[in-house]
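Participant: The sequence isn't on hand, but the structure is:
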Ligand SMILES: *Cc1c(COP(=O)(O)O)cnc(C)c1O
């Protein structure tokens, strides 16, 4: 969404591109939409989506908690004004000395998905709360999270029993349905799994309290997506279905859904060319590509809306590529992208919906290109 404030900023400040501009008003609206959609769930913003200090500070002031994947992210959340009790160390793959450092900083909530990780937490963060991540199938997500994180629910039972035996507080179950999840009912099966883990532990006298329902809430790219409210309704209905009147504490960890639509990248056309005299398709090269912040175009997974000042002109499908000397730096080729036939070198383009997973994925200096600059307004 290119807001009037973003357009105004680009017009008056004329920042050198490529750059990302994030409108904090949109982030604030998204936060309120989540709070309204799931009023009983605590919001843990997934810092990795966009850790700009002004975004973290705004969210901290609104009462958000933070899902952090590293000590550096924990420090950013603390600097933004969140106390350590509002921080979850949500990565299931942690160095033992990083667990120790987080614990020293006051963090007391850790994700695990294996016996081995439980042992690390028990050694370095004695008595801390842990939740075990279970696998989901990722079906319906445009950016699925594969099998890297989580274990099967039956193993989660064993992992949480083990954590209890080692003196940790077995606190709950987590899952992530996959990012940019466009199906509102995708949480249902995982909540059923969570309930079964709760029930099996209760038989052994261990009473879990919390379900961390992860992220996955979508942002609007080219297609419309259901509202936060629609997700909230579906999730609440599933919680009721599986847990009845005995609802657990719940957490959500929106990343993309919190900041995706708040950002716009200003970029520039560097070259428009063809590969032969009778080539039917143009190649449009931008000054930003896969290594400059658009990594989620990998496998053409995320298709960003692109606006130009010539959108009233006739459109024709073209290949869009980035500026680096790496042949992987092609954004859209299998599924070509319609752009105006009049588009020419030096034209500005606006790439919308780029508030999440862009600056954090941008290389430091591949081919000498600077990391993606960000302005938060
Ligand atoms: C990345 C991540 C999130 C955020 O996911 P989105 O799909 O961007 O909402 C939430 N929780 C965990 C544990 C993550 O790794």
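Facilitator: Everything's here; your move. From a predicted model like this one, the values you see are computed outputs, not experimental measurements. Numbers count the residues shown, from 1 in each chain.
Participant: The residue in the chain positioned nearest to the ligand: neighbouring residues, count only.
Facilitator: Proximity to the ligand, evaluated over the chain using Cβ to the nearest ligand atom, is greatest for residue 215 at 2.2 Å. (C-beta placed from N, C-alpha, C; glycine too.) Number of residues near residue 215 (other Cβ atoms under 10 Å) recorded here: 27.
Participant: so which strand or helix has residue 337?
Facilitator: Assignment of secondary structure by DSSP states H and E places residue 337 within strand 330-340.
Participant: Next, the buried residues of the following helix or strand past that strand.
Facilitator: Once the chain leaves strand 330-340, the next helix or strand it forms, by DSSP H and E, is strand 348-352. By neighbour count, with 16 or more other Cβ atoms under 10 Å as the criterion, the buried positions of strand 348-352 are 349, 350, 351, 352.
Participant: One more: stretch 227-240?
Facilitator: Residues of stretch 227-240 classed as buried by neighbour count (16+ other Cβ under 10 Å): 228, 231, 232, 234, 235, 236, 238, 239.
Participant: now do stretch 75-84
Facilitator: Neighbour counts using 16+ other Cβ under 10 Å place 76, 77, 78, 80, 82, 84 of stretch 75-84 among the buried residues.
Participant: ok, the first one - contacts?
Facilitator: In this structure, residue 76 makes contact with 47, 51, 53, 56, 68, judged by Cβ atoms under 8 Å, 6 or more residues apart in numbering.
Participant: could you redo the last one with a cut-off of 10 Å?
Facilitator: Taking Cβ atoms under 10 Å, 6 or more residues apart in numbering as the contact definition, residue 76 lies against 47, 51, 52, 53, 56, 57, 66, 68, 70, 82.
Participant: Format these as JSON lines; extra columns: secondary structure and distance to residue 281.
Facilitator: Compiled in JSON lines, the contacts of residue 76 are given as follows (DSSP: H, G, I helix; E, B strand; the rest coil; distance: Cβ to Cβ, whole Å):
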{"residue": "47", "secondary structure": "helix", "distance to residue 281": "40"}
{"residue": "51", "secondary structure": "coil", "distance to residue 281": "38"}
{"residue": "52", "secondary structure": "coil", "distance to residue 281": "37"}
{"residue": "53", "secondary structure": "helix", "distance to residue 281": "42"}
{"residue": "56", "secondary structure": "helix", "distance to residue 281": "42"}
{"residue": "57", "secondary structure": "helix", "distance to residue 281": "45"}
{"residue": "66", "secondary structure": "strand", "distance to residue 281": "45"}
{"residue": "68", "secondary structure": "strand", "distance to residue 281": "44"}
{"residue": "70", "secondary structure": "coil", "distance to residue 281": "42"}
{"residue": "82", "secondary structure": "coil", "distance to residue 281": "49"}
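Participant: Whichever of the residues you listed end up buried, select them in PyMOL.
Facilitator: Of these, the buried ones go into a single PyMOL selection, burial set by 16+ other Cβ under 10 Å:
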select buried, resi 47+51+52+56+57+66+68+70+82
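Participant: now the buried residues of stretch 227-240 in CSV, with pLDDT and distance to residue 10?
Facilitator: Shown next, in CSV, are the buried residues of stretch 227-240 (pLDDT from 0 to 100; distance: Cβ to Cβ, whole Å):
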residue, pLDDT, distance to residue 10
228, 96, 28
231, 98, 32
232, 98, 34
234, 98, 37
235, 98, 37
236, 98, 40
238, 98, 42
239, 98, 43
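Participant: Of these, which belong to helices?
Facilitator: Using DSSP state H to define helices, the subset of those located there is 228, 231, 232, 234, 235, 236, 238, 239.
Participant: For those residues, give me CSV that also has distance to residue 29.
Facilitator: Putting those into CSV (distance: Cβ to Cβ, whole Å) gives the following:
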residue, distance to residue 29
228, 10
231, 16
232, 15
234, 21
235, 20
236, 21
238, 26
239, 25
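Participant: out of those, which touch the ligand?
Facilitator: Under the cut-off given by Cβ under 6 Å from any ligand atom, the ligand has nothing from these close to it.
Participant: tell me which of the residues you listed is nearest to residue 26?
Facilitator: residue 228 (12.9 Å; Cβ to Cβ).
Participant: The closest one and residue 37 touch, don't they?
Facilitator: Yes: with contact taken as Cβ atoms under 10 Å, residue 228 and residue 37 are classed as touching, separated by 4.1 Å.
Participant: Next, the buried residues of stretch 241-259.
Facilitator: Buried residues in stretch 241-259, defined by neighbour count with 16+ other Cβ under 10 Å: 242-243, 248, 250-259.
Participant: ranges for the helices of this structure?
Facilitator: With DSSP H as the criterion, the chain has helices at 4-13, 24-37, 53-62, 71-79, 96-104, 115-124, 153-165, 187-203, 228-243, 256-259.
Participant: Return the most buried member of those helices.
Facilitator: helix 256-259 (a mean of 28; mean count of other Cβ atoms under 10 Å).
Participant: What is that helix packed up against?
Facilitator: Of the remaining helices and strands, those touching helix 256-259 by 3 or more Cβ pairs under 10 Å, 6 or more residues apart in numbering; DSSP states H and E are helix 24-37, strand 41-46, helix 53-62, strand 179-181, helix 228-243.
Participant: how about that helix against the ligand, any contact?
Facilitator: Yes: with Cβ under 6 Å from any ligand atom as the measure, helix 256-259 is seen reaching the ligand through 256, 257.
Participant: ok, now how distant is the closest residue to residue 275 other than its chain neighbours from residue 319?
Facilitator: The spatial neighbour of residue 275 that comes closest, neighbours along the chain excluded (Cβ to Cβ, 6 or more residues apart in numbering), is residue 283 at 6.9 Å. To residue 319, residue 283 is 5 Å away according to Cβ to Cβ, to the nearest Å.
Participant: ok, which residues in the stretch 201-350 of the chain are in contact with the ligand?
Facilitator: The stretch 201-350 of the chain comes close to the ligand at residues 214, 215, 216, 217, 253, 254, 255, 256, 257, as judged by Cβ under 6 Å from any ligand atom.
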